[in-house]
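Novice: Next come a sequence and a model predicted from it.
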Amino acid sequence: MEEEPPEEDILSILVATDNHVGYLEKDPIRGDDSFNTFEEILQHAHREEVDMILLGGDLFHENKPSRQSIHRVTTLLREYCFGDKPVEVEFLSDQKENFHTGQFNTVNYEDPNLNVAIPVYSIHGNHDDPAGRTGLCALDLLSASGVINYFGKSNSLEEIIISPLLMRKGNTKLAIYGLGSIRDERLHRLFINKKVKCTRPDQDRDEWFNIFVIHQNRVKRGKSETSFIPEEVLPEFIDLIIWGHEHDCQTILKNNSVLNAYVLQPGSSVATSLSEGETEPKHCFKIQIYKKNFNKQDIPLTTVRPFLFKTVSLIDADVLTEKDALAYLQYNVDQMISEANQERERNPNAPELPIIRLRYDHHPEMSMINPIRFGNEYSSRVANPRDILHPLRKKKYAAFDPRIMAGTDDNEEEIRSQSEMALKILNESNQELSLIPEQGLAIATEEYVDKLEADAISEYIKHSLASAKRFLLENSKPGDDLFEKLRIRKTVMAREEGDMATARKKWEDRRKEKSEKSNLLASSGEESESEKEPEPVKPKRGRGSRGGRGGASASRGGRGGTNRRAARGSRAKASNRVVKGNLDAFLTPTRSTPIRSTRSTNKPILDISDDDDF
């Protein structure tokens, strides 16, 4: 700041990103690391008496964090951010527009039922982003409980309109624009096509200090030219960009001459990968704003576990035998542990056991050193004994396993996403899916694995079956080859879905439509067709209606005089008639097939209705 401003006009913010709370929480050594450092960040905010805390995404490491993670984060936020200290910042913008994700559309410190001393504002990242048919994320839980103000969520993937959080403290006016994580390729396309728009205050536009919080790739990854967001596509009126998602902490502000704006990359507060970028000292930052000027204060995080990374070459060291290689690697690891212990003496708050990563190359003729056996010698001296060694692989091995990189740990562009791996497996197998396009199933697999959406695959299959049923009802007549029609339909659907990007867009559109339908039904107090309980059916008297207990030869759910062998024979004959049979016989089990017990609740095994869109 160029001038010495009055204290009542200085608006102070504590900034942090990528806390990844819950990372390795079940690890007996490193399980508390993310919680301890997050608590330290809140302690700094309390000690510095800042006006607010601003988080740049990935508060949680998991998309569905454990109950322990949610409980501990909620407890820490209440401990350090609640109290009698008055909030001196006036909130000016339309709160219903800023906080539209839940029922409570107000900033938490203006809620009469809460006693907030330091408000916390956060966008979501790619780890804790909205998922599932309801489009909720872990931040929605914290927002509903009143401990956090969740903003930056976009309800449209075709056009994004960002409304800022407008605040004022004395003569300082602040506008915070937030955009939660969106797939980089999609967001890149939206920026290029001018589909991302930011609203601005109607009055005194030049007097506002503008901050943009984003959680995306900052640099190109992989072969795609759209796998990152260039700084230059952001609005020109922004003064400070807070960039989340990138884990290496950069304490030096970068001045973007095109935007005439500064970029701050806080990095992560806990190391989640054993890459060289994670070894940079971790910080959070205090930003003080006065009118259109600001300054930055670096706050080192002292509870971060020491992490040392080193690369050596056995070839350059003329190490030719396995025995010599083992001794050489042990010498380097011992040196790194000694260096970490010296660092801990300077910082007694750091955890005792360090993280050590030694990357090395070797002669192709030399046998590989067992990393687990090597690490057993250091089980009481390091926090990651099983991951100390990382041999450099030559590129010819990269085709064998896409997760094995050629010469680096943090080359994420070489790692296939779950959906791409699933699609590759489906395309290379000899089996061909008859009803379901491979692209959609691959994306459902990604949702199941990455977002822990347990129903993603089953709901997609259910949607596909319901769609197939409607197609056959509308486009077939008795005598048609139904399997051939389904095969043609599947080919057309696969062509319509196109590449993975188009298929993912259709998936997100279906999920959004389902979410809007559920919200509409919930607001009207009605139940969806799939949620309504079927009316009990009064059993009719007749053969087999008493449960099939009459004789040993009677089946439990079959007709009175039909034995088990006859039922199986009928089922086999019925299956042979499906291809050329009529539509009703194809969609409905034959009468002689025992599909359920008479003692059941009369609920079908798989209920597919026309309303089962996903």
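Specialist: Thanks, I have it.
Novice: quick one: the residue most central in space within the chain from Ser181, how far?
Specialist: The centroid of the chain falls nearest to His127 when counting by Cα atoms, centre = their mean (3.1 Å). Note on His127: its distance to Ser181, by Cβ to Cβ, to the nearest Å, is 8 Å. C-beta here means a position set from N, CA and C on the backbone, and glycine is covered the same way.
Novice: again, but for Lys291
Specialist: In terms of Cβ to Cβ, Lys291 sits 31 Å off from Ser181.
Novice: Same check on Glu232?
Specialist: 20 Å.
Novice: the more surrounded of the two?
Specialist: Neighbours were counted for Glu232 and for Ser181 using other Cβ atoms under 10 Å; Ser181 has more, 23 against 11.
Novice: Quick one: residues contacting that one.
Specialist: 57, 123-126, 129, 215-216, 245 (Cβ atoms under 8 Å, 6 or more residues apart in numbering).
Novice: What are the phi and psi values at it?
Specialist: Reported as degrees, to the nearest 10, the phi and psi values for Ser181 are phi -60, psi 130.
Novice: Check it and give its pLDDT.
Specialist: On the pLDDT scale, Ser181 is placed at 96.
Novice: Offset the numbering so it begins at 627, please.
Specialist: Will do, 627 is the new start, and the previous item becomes Ser807.
Novice: what's the neighbour count on the nearest residue to Asn741 once chain neighbours are set aside?
Specialist: If the residues on either side of it in the chain are set aside, Asn741 comes closest to Phe708, at 5.6 Å by Cβ to Cβ, 6 or more residues apart in numbering. Neighbour count of Phe708, defined by other Cβ under 10 Å: 17.
Novice: As TSV, the contacts of Ser807 with distance to His814 and secondary structure would be great.
Specialist: Putting those into TSV (distance: Cβ to Cβ, whole Å; DSSP: H, G, I helix; E, B strand; the rest coil) gives the following:
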residue	distance to His814	secondary structure
Gly683	17	coil
Ile749	18	coil
His750	19	coil
Gly751	17	coil
Asn752	15	coil
Asp755	17	coil
His841	14	strand
Gln842	9	coil
His871	14	coil
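Novice: okay, who's weakest in those residues by pLDDT?
Specialist: Asp755 (92).
Novice: tell me the contacts of that one?
Specialist: 689, 763, 806-807.
Novice: all helices for the chain, in order.
Specialist: For the chain, the helices defined by DSSP state H occupy 659-674, 693-707, 721-724, 764-771, 810-818, 948-972, 997-1002, 1044-1054, 1064-1076, 1082-1101, 1108-1123, 1126-1150, 1190-1202, 1209-1213.
Novice: For the third one, C-alpha coordinates in PDB please.
Specialist: Taking only C-alpha atoms (Å, rounded to 0.1, in the frame of the first residue of the first chain), the coordinates of helix 721-724 have been written out as PDB:
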ATOM      1  CA  GLN A 721     -27.500 -12.900  -0.900                       C
ATOM      2  CA  LYS A 722     -30.100 -15.100  -2.500                       C
ATOM      3  CA  GLU A 723     -28.200 -14.800  -5.700                       C
ATOM      4  CA  ASN A 724     -24.800 -15.400  -4.100                       C
END
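Novice: Number of residues surrounding the residue lying closest to Pro907 once chain neighbours are set aside?
Specialist: Excluding the flanking residues, the one nearest Pro907 by Cβ to Cβ, 6+ apart is Pro926, at 6.2 Å. Neighbouring residues of Pro926 were enumerated by other Cβ under 10 Å; the total is 14.
Novice: Likewise for Ile667?
Specialist: If we define neighbours as other Cβ under 10 Å, then Ile667 has 24 of them.
Novice: how close does the nearest residue to Arg1007 once chain neighbours are set aside get to His726?
Specialist: Of all residues not flanking Arg1007 in the chain, Ile963 sits nearest, at 5.7 Å (Cβ to Cβ, 6+ apart). Remark: distance between Ile963 and His726 (Cβ to Cβ) = 51 Å.
Novice: quick one, which of those two is more surrounded?
Specialist: Neighbour count, other Cβ under 10 Å: between Ile963 and His726, Ile963 has more, with 19 against 14.
Novice: Spit out the contact partners of the more buried one.
Specialist: Contact analysis of Ile963 by Cβ under 8 Å, 6+ apart lists 980, 982, 1004, 1007-1008.
Novice: what do you get for Asp720?
Specialist: Ser789.
Novice: Contacts only, for Phe664.
Specialist: Contacts of Phe664 (Cβ under 8 Å, 6+ apart): 645, 647, 699, 702, 895.
Novice: Likewise for Phe854?
Specialist: 810, 814, 842-847.
Novice: Was I right to think Phe708 contacts Val742?
Specialist: Yes. Counting by Cβ atoms under 8 Å, Val742 is a contact partner of Phe708 at 5.9 Å.
Novice: Tell me how many other residues crowd the residue nearest to Gln956 when sequence neighbours are not counted.
Specialist: Excluding the flanking residues, the one nearest Gln956 by Cβ to Cβ, 6+ apart is Glu1003, at 7.4 Å. Counted with other Cβ under 10 Å, the neighbours of Glu1003 add up to 14.
Novice: tell me the pLDDT at Glu1003?
Specialist: Looking at Glu1003, the pLDDT reads 94.
Novice: can you count the residues close to the closest residue to His871 other than its chain neighbours?
Specialist: Spatial nearest neighbour of His871, chain neighbours left out: His841 (4.7 Å); criterion: Cβ to Cβ, 6+ apart. Burial of His841 is recorded as 29 neighbouring residues (other Cβ under 10 Å).
Novice: Could you measure from His841 over to Ala757?
Specialist: Applying Cβ to Cβ to His841 and Ala757 gives a distance of 15 Å.
Novice: same question, Lys711
Specialist: Lys711 is 36 Å from Ala757, by Cβ to Cβ.
Novice: The two: which has the busier surroundings?
Specialist: Using other Cβ under 10 Å, the more surrounded residue of Lys711 and Ala757 is Ala757, with 19 against 13.
Novice: Contacts only, for the residue nearest to Pro907.
Specialist: Residues near Pro926 by Cβ under 8 Å, 6+ apart: 907-909.
Novice: Of these, which belong to strands?
Specialist: Using DSSP state E, the subset of the contacts of Pro926 located in strands is His909.
Novice: Considering the contacts of Pro926, which possesses the most neighbours?
Specialist: Busiest of the contacts of Pro926 [other Cβ under 10 Å] is Lys908, holding 28 neighbours.
Novice: That one and Asn996: what is the separation?
Specialist: Counting by Cβ to Cβ - Lys908 and Asn996 are separated by 32 Å.
Novice: neighbours around Leu791, how many?
Specialist: 25.
Novice: hey, what's it bridged with?
Specialist: Ile802 (DSSP bridges).
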